[in-house]
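Asks: Any chance you can model this:
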Amino acid sequence: MSSRRATFEDVSLAVSRVSDPIVTVEDLASSRRLAFIVRARHAAFALSREVTGRSLAEIGKFYGGRDHSTVLYGIKRATDEVLEPARAELARILGSPPASDRDLSTPHPGATATDVEGGEVGGPPPE
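Replies: As a prediction, the model looks like this:
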């Protein structure tokens, strides 16, 4: 997706920036249950899982110490209404265009021949 790996903090910032009404990064990890905060939190769960590949338990721990089953429930309930703008914002934060805006048949600009030929992707560039 980009030249660097996304973190939970990146995802939280992206979701916070696109939420309407405004949801702070702190709200995402809080125990508040207002519907607009819950929708944003569910999107953060889903996007975190998508881009970090971390476990449900790790995601839950970051977002206020929630149980893995709560995270799974939230991922299933996440809507594209929040997810799509959050994906685009995350791409801006990380410095690359959203995947849907790129031709996925070509490697990202920083790809090396090893990446394209089936080598390790996402590692440091060869010296």
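Asks: Quick check: which element contains residue 93?
Replies: Following DSSP states H and E, the helix or strand that holds residue 93 is helix 80-94.
Asks: Run through the neighbouring helices and strands of that helix.
Replies: Helix 80-94 sits against helix 8-18, helix 35-52, with contacts defined as 3 or more CB pairs under 8 Å, 6 or more residues apart in numbering; DSSP states H and E. Where you see a C-beta, it was placed from the backbone N, CA and C, and this is true even at glycine.
Asks: got a markdown table for those, with distance to residue 68 and mean pLDDT too?
Replies: Below are those laid out as a markdown table (distance: least, CB to CB, whole Å; pLDDT from 0 to 100):
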| stretch | distance to residue 68 | mean pLDDT |
| --- | --- | --- |
| helix 8-18 | 15 | 97 |
| helix 35-52 | 10 | 97 |
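Asks: returning to that earlier point: distance from the chain centre to the helix holding residue 93, please.
Replies: Distance of helix 80-94 from the chain centroid (CA atoms, centre = their mean, to the nearest Å) equals 8 Å.
Asks: contacting residues for the closest residue to residue 12 other than its chain neighbours?
Replies: Closest residue in space to residue 12, ignoring its immediate chain neighbours: residue 25 at 4.6 Å, by CB to CB, 6 or more residues apart in numbering. If a contact means CB atoms under 8 Å, 6 or more residues apart in numbering, then residue 25 has 9, 12, 13, 16 as its contacts.
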